[in-house]
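>>> Next one to model:
(one chain, ligands or ions: 1)
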Amino acid sequence: MVDYIGISDIRRIVREQGIESLIAQIATQIEADYRRWGAFEKDARIASHSPVGVIELMPISDGRHYTFKYVNGHPGNTAAGLLTVTAFGVLADVETGYPLLLSELTIVTALRTAAMSVLAARWMARPDARVLALIGNGAQSEFQAIAFAHQLGLREVRLYDVDPAASHKLERNLLRSRATQHLKIVRATSVADAVRGADIVTTITADKRNAVILSPEMIEPGMHLNAVGGDCPGKTELHADILLRPDARVVVELEAQSRVEGEVQQMAPDFPVTEFEQIVRGAAPGRHHAGEVSIFDSVGFALEDYSALRVLHQLVQEDPRRARQIDLVPDLDDPKDLYGAAVDVPGLSIRHDTPFAVARTAGGAVQ
Ligand code: NAD
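Predicted structure coming up:
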């Protein structure tokens, strides 16, 4: 039997743990896993593009556990009442190759993206950063605001979206959330209005084109830019001149993937970037000086999903009631008799503790 976390299960886990605590647990695990970067077999994700979106597979292994995520990105979906991003994934045991956990990852992706964003900001933003501008107020946005409010001691968050209904929804949800009660919430009238004087700017918009959400004149020395929405070839959010500022520094997750998918796809192949693992392992500073414009060019890397799945797996090991069990893999008395599991015949060898349960009599007849 394989543990299964569906939407109702993750809702229960979020309620039980508290959303800000669960994001913090995932951030801690992500940081620990980036510290052992060399232990992972890492590949850029495999993307299948269509004119309206992308479907991606994100595998990774540390030799003990193997995980993958299936994820899509379809910015036009919301017009049809569908999510832009949906996902699910598996954590498997490398020793046997057996899946141990199958989980929904749509909600978990929002949790882990917020965890990664706030982790990067903890290392890269100025320690006195208190004002966040949040551009793009869709599905991911509450998770971002809550993570930053909880872990960075924000004082103010400014919201902007081309769709006022999205900002209204975000404002309503933040006003209801315990984690953001102390925040001053400001509805900005434009991107420039939101960004002016902000310490951290998160762009998390969805549009399948080279958009210019942030233009050079909006950027002030010392800002930390958390560029999350540009995560595909031909899908970016920052004007290229921002990256070219002499006081700017770009940090990526896996360089080979980000050069294709991140803001740095706009740059020459030798444009300097720092991988985040170098920062957490102490090989590079998080920030060189207070005036530096730090840019976390986030696209989402498989390691972050691995970390999130490890947190979920740990929670299920501590209390198995947090997951359901599904018969994803046959459990056989005779592993060579797969036929017996597939076909209803006398002498069927599948074990009686599975939902395929068939009890055998002493004489071998099936009851
Ligand atoms: P969503 O469709 O729910 O929300 C996107 C919002 O952006 C919408 O409200 C839309 O109106 C707004 N928007 C579009 N163009 C804008 C503009 N020019 N100015 C201001 N707002 C604008 O999508 P989501 O699930 O919140 O995801 C947001 C983006 O983040 C997507 O592009 C997705 O691919 C990306 N994403 C990245 C990661 C990562 O790890 N880097 C993880 C998850 C999602």
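>>> Tell me the secondary structure at residue 250.
When classified by DSSP: H, G, I helix; E, B strand; the rest coil, residue 250 comes out as strand.
>>> okay but it is in contact with residue 273, surely?
Yes - using CB atoms under 8 Å, residue 250 makes contact with residue 273 at a distance of 4.9 Å. (C-beta placed from N, C-alpha, C; glycine too.)
>>> Between the two, which has more neighbouring residues?
Each of residue 250 and residue 273 has its neighbours counted (other CB atoms under 10 Å); residue 250 has more, 24 against 19.
>>> who does the more buried one bridge with?
Residues in a beta bridge with residue 250, per DSSP bridges, are residue 295.
>>> how close does it get to residue 189?
29 Å (CB to CB, to the nearest Å).
>>> Please apply the same query to residue 111.
30 Å.
>>> Just want to know which of the two has more residues nearby.
The neighbour comparison of residue 111 against residue 189 (other CB under 10 Å) goes to residue 111, with 26 against 9.
>>> For the protein, what lies in contact range of the ligand?
Within the chain, the positions lying close to the ligand (CB under 6 Å from any ligand atom) are 73, 75, 78, 84-85, 109, 113, 135-140, 161-163, 166, 204-207, 211, 213, 228-229, 231, 298-300.
>>> mind checking the end-to-end distance for stretch 50-67?
Start and end residues of stretch 50-67 are separated by 25 Å (CA to CA, to the nearest Å).
>>> Show residues contacting it.
33, 36, 39-43, 45-48, 68-77, 89-95, 100, 208, 232, 300-303, 305-306, 309-310 (CB atoms under 8 Å, 6 or more residues apart in numbering).
>>> Do I have it right that residue 161 meets residue 133?
No - with contact defined as CB under 8 Å, residue 161 does not reach residue 133; the gap is 11.6 Å.
>>> who has more neighbours, those two?
Neighbour count, other CB under 10 Å: between residue 161 and residue 133, residue 133 has more, with 29 against 23.
>>> rewinding a little: among the contacts of stretch 50-67, name the buried ones.
33, 40, 42, 45, 47, 68-69, 71-75, 77, 89-92, 100, 208, 232, 300-303, 305-306, 309-310 (16 or more other CB atoms under 10 Å).
>>> From these, which land in strands?
Of the buried ones among the contacts of stretch 50-67, the ones assigned to strands by DSSP state E are 42, 47, 68-69, 71-73, 89-92, 100.
>>> Closest one of those residues to the ligand?
residue 73 (4.0 Å; CB to the nearest ligand atom).
>>> contacting residues around that closest one?
53-54, 56, 84-85, 206, 231-232.
>>> how many other residues sit next to residue 216?
Neighbours around residue 216, by other CB under 10 Å: 14.
>>> And it, how far from the ligand?
Between residue 216 and the ligand the computed distance is 16 Å (CB to the nearest ligand atom, to the nearest Å).
>>> Pretty sure residue 241 is one of the things that residue touches, is it not?
Yes - counting by CB under 8 Å, residue 241 is a contact partner of residue 216 at 4.5 Å.
>>> tell me which element residue 175 falls in.
helix 164-176 (DSSP states H and E).
>>> Now that helix: buried residues?
166-167, 169-171, 174.
>>> Dump the residues you listed into JSON lines; add pLDDT as well.
Formatted as JSON lines, those follow (pLDDT from 0 to 100):
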{"residue": "166", "pLDDT": "98"}
{"residue": "167", "pLDDT": "98"}
{"residue": "169", "pLDDT": "98"}
{"residue": "170", "pLDDT": "98"}
{"residue": "171", "pLDDT": "98"}
{"residue": "174", "pLDDT": "97"}
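>>> where do the helices sit along the stretch 51-200 of the chain?
In the stretch 51-200 of the chain, the helices defined using DSSP state H, counting those that start in this stretch lie at 106-124, 141-152, 164-176, 191-195.
>>> Could you export those helices as CSV, including distance to residue 3?
Converted to CSV, the helices of the stretch 51-200 of the chain look like this (distance: least, CB to CB, whole Å):
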stretch, distance to residue 3
helix 106-124, 14
helix 141-152, 24
helix 164-176, 30
helix 191-195, 42
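>>> Nice, that's everything, thank you.
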